[in-house]
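S.K.: Build me a model from this:
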Amino acid sequence: ASWAYLKKRIAELGLAVGDGSLYRSKVGCLRICEQGPVAVVYPDGTWYRGATPEVLERILQEHIIGGKPVEEFIFARNPLTL
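M.R.: You can find the predicted model right below:
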């Protein structure tokens, strides 16, 4: 349900194409299944637990669009470095 919701909302919000578009990848367990579904926002490397459709909406609105991570669902941070 979370994957389908995320795919739909990214398209509805116009975040699927153009500059600043979002990319999503569906993977298996990531070895932390008990906290799943899991979502990771890069390049800042913010890892979210319990990524239900409701939580994903908050991540999209507050973190992706608003620039403020949703602290209550973060369980790790591992930013990309070049």
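
S.K.: C-alpha from now on. contacts and neighbour counts both.
M.R.: Fine.

S.K.: pLDDT weak spots in this structure?
M.R.: Where the chain drops to pLDDT under 70, the residues are 30.

S.K.: show me where it has helices.
M.R.: With DSSP state H as the criterion, the chain has helices at 2-12, 53-58.

S.K.: Tabulate these in JSON lines, adding columns for mean neighbour count and distance to Arg77.
M.R.: Formatted as JSON lines, those follow (neighbours: other C-alpha atoms under 10 Å; distance: least, C-alpha to C-alpha, whole Å):
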{"stretch": "helix 2-12", "mean neighbour count": "14", "distance to Arg77": "21"}
{"stretch": "helix 53-58", "mean neighbour count": "17", "distance to Arg77": "17"}
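
S.K.: Any chance of those in CSV with distance to Ile65 as columns?
M.R.: Output for the helices of the chain, formatted as CSV (distance: least, C-alpha to C-alpha, whole Å):
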stretch, distance to Ile65
helix 2-12, 11
helix 53-58, 10
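
S.K.: Can you tell me which of these is nearest to Ala39?
M.R.: Among those, the nearest to Ala39 by C-alpha to C-alpha is helix 53-58 (8.2 Å).
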